[in-house]
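Chemist: Sequence first, predicted coordinates after that:
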Amino acid sequence: MDIKLEDLLNELKLKKVRLSHQRLKVLEYLVLNQCHPTVEQIYIGLHNEVPTLSKTTVYNTLNSLTDAGLVRVINIEDNETRYDIRTENHGHFKCESCKSIYDFNIDIDSLDSHDLKGFTIDDKNVYFKGICPKCIQNKNLSK
Ligand SMILES: [Zn+2]
Ligand SMILES: [Zn+2]
């Protein structure tokens, strides 16, 4: 559950993936901000620290990290792609009020259906939507 930049760097070394300083900053951002950011959020988040970083570099870095298996792409909404540094199977809960995405542990591997006999499954996702406890509390307070 605990993701360390050091471990990821070792994994990259094993896979012979070399990251430039800019690309390293993108990886670091994902480790420090485990909130499933979009390309836009990463770009804005790093802009002060790395002013030369372009959105294309962020995008390309995420692609190579995804290829290397260090980052997972999640599409909860069709129109937004988010990036997840946690690559083991887990569920996502999206709060429709504050738009935060929460991770939760669920045994996705054990989910199966007889209707899918003969199908090859490449990816399994569990998405829940609703209102998070923080927003429920804020709503109650403002009443
Ligand atoms: Zn919320
Ligand atoms: Zn996640």
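Modeler: Thanks, I have it. Ligands and ions are numbered 1, 2, ... in the order given.
Chemist: what mean pLDDT does stretch 99-110 have?
Modeler: Averaging pLDDT along stretch 99-110 gives 91.
Chemist: With stretch 18-27 instead?
Modeler: 94.
Chemist: Please tell me how far that stretch is from the chain's geometric centre.
Modeler: 17 Å (C-alpha atoms, centre = their mean, to the nearest Å).
Chemist: Please apply the same query to stretch 54-70.
Modeler: 12 Å.
Chemist: Spatially nearest residue to the most centrally placed residue in the chain (excluding sequence neighbours)?
Modeler: Against the mean C-alpha coordinate of the chain, by C-alpha atoms, centre = their mean, the closest residue is Asp84 at 1.4 Å. Excluding the flanking residues, the one nearest Asp84 by C-beta to C-beta, 6 or more residues apart in numbering is Arg72, at 4.5 Å. C-betas here are computed from N, CA, C, even on glycine.
Chemist: check contacts around the one you found.
Modeler: Shown in contact with Arg72 (C-beta atoms under 8 Å, 6 or more residues apart in numbering): Thr66, Tyr83, Asp84, Ile85, Arg86, Thr87.
Chemist: and the gap between Tyr83 and Asp2?
Modeler: Remark: distance between Tyr83 and Asp2 (C-beta to C-beta, to the nearest Å) = 18 Å.
Chemist: Over to Asn105?
Modeler: 14 Å.
Chemist: Compare neighbour counts for these two and give me the winner.
Modeler: Just comparing Asn105 and Asp2: by other C-beta atoms under 10 Å the higher neighbour count belongs to Asn105, 10 against 4.
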